[in-house]
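Enquirer: This is a predicted model, with the sequence first.
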Amino acid sequence: MDLSVVIPTYNGADRLPQVLEKLRSQMGTEEIDWDIIVVDNNSSDHTPQVVQDFQKSWNVKAPLKYVFEHQQGIVFARNRGIEESQGELIAFLDDDNFPNLDWILQAYLFGKNHPKVGIYGGQIHPLYQTKPPENFKKVEHILLAIRESGDQSFQFNPELLQLPSGAGLVLRRKAWLDNFNPELMATRRGDNDCELSIYLHRKGWEIWYNSAMHLNHWIPAERLERSYLLSLAHRYGLCTFGFRVILVKSWQKPLLFLRVMFGSLKRVILHLVKYNKKAKSDLVNACELEFFWASAISPFHYYLNRT
């Protein structure tokens, strides 16, 4: 099989139909052997009935399958989707991701034309329920997985933590098998996609941005609330050292510890000096400050939370 689409969903009965309608309407897929796997991540709503209703009227060559994963968490749902899939390429869509009508075609063609690419993502455009702050573009790519990096495809540089976003990510099965790591699979952190990209890079696989893949990401009003965004900034900042430590040798870790800590503290100080009273009162500035501060303590967080 050429490509499998994996859609993890938790209580997504109201969102899932829009995703499935987009997939049912895909164009240019006549020569592509593909299927769709909805992974119900222990939902308590009527998600199973939604999928059953679509299956009854499904008139697409690509089979629509339903599987249940009781262990909650995006990592467990995606891993279950990989286990159930058969495609050479595995494309992930969240239940709030609405792909363009040529998304499957562009995902397939890119993987076919770039045999050394292990994982790649495309353009992710926001669909905001409420208007964000004027300067929100400074942080939306970090906090909300928005990716609008232009109309030229390019290869990411994981050494600089340039990585694709998790929404709309496409993984090559061979790269996954090459990198099979039970500890990585079992991680409960939401940063698993970034870790996977870094590990694949270490194995020699290329990581790309495919400008021809477009999807719209629904952002409800509650995801723009101050407390939610600050919690995301803190969580992602805490990942900084964990990402970078994958890329260095054991003897380099103490130096990296100091470089990340003091480098991030410098950014905190410069940020406070630059924005003064607005460093915390302005939402975007506050998110940046929280990210820098969490990055500074990320080395301690990494070693305290190792199992």
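Expert: Structure received.

Enquirer: What lies in contact with the host helix or strand of His271?
Expert: With secondary structure defined by DSSP states H and E, His271 is part of helix 253-275. Contacts made with helix 253-275 from outside it, assessed by CB atoms under 8 Å, 6 or more residues apart in numbering, are listed as 237, 240-241, 244-245, 248, 279, 282, 285, 288-289, 292-293, 295-299. All C-beta spots, glycine's among them, are computed from the backbone N, C-alpha and C.

Enquirer: Any idea how far stretch 44-52 is from the middle of the chain?
Expert: 24 Å (CA atoms, centre = their mean, to the nearest Å).

Enquirer: List the buried residues for that stretch?
Expert: Taking 16 or more other CB atoms under 10 Å as the neighbour-count basis, stretch 44-52 is seen to contain the buried residues Thr47, Val50, Val51.

Enquirer: what's the answer for stretch 135-155, then?
Expert: Within stretch 135-155, the residues that qualify as buried are Phe136, Val139, Glu140, Ile142, Leu143, Leu144, Ala145, Ile146, Arg147, Ser149, Ser153, counting by 16+ other CB under 10 Å.

Enquirer: which stretches of the stretch 201-307 of the chain form helices?
Expert: Secondary structure of the stretch 201-307 of the chain, counting by DSSP state H, counting those that start in this stretch: helices at 226-238, 240-245, 253-275, 278-281, 283-304.

Enquirer: how about the ones you listed in JSON lines, adding distance to Val19, mean pLDDT and mean neighbour count?
Expert: Supplementary listing: the helices of the stretch 201-307 of the chain in JSON lines, determined by distance: least, CB to CB, whole Å; pLDDT from 0 to 100; neighbours: other CB atoms under 10 Å:
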{"stretch": "helix 226-238", "distance to Val19": "23", "mean pLDDT": "96", "mean neighbour count": "17"}
{"stretch": "helix 240-245", "distance to Val19": "29", "mean pLDDT": "95", "mean neighbour count": "22"}
{"stretch": "helix 253-275", "distance to Val19": "37", "mean pLDDT": "97", "mean neighbour count": "14"}
{"stretch": "helix 278-281", "distance to Val19": "38", "mean pLDDT": "91", "mean neighbour count": "12"}
{"stretch": "helix 283-304", "distance to Val19": "28", "mean pLDDT": "97", "mean neighbour count": "20"}
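
Enquirer: Would you mind giving those helices as CSV with distance to Tyr120 added?
Expert: Conversion of the helices of the stretch 201-307 of the chain to CSV gives the following (distance: least, CB to CB, whole Å):
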stretch, distance to Tyr120
helix 226-238, 21
helix 240-245, 18
helix 253-275, 27
helix 278-281, 36
helix 283-304, 25
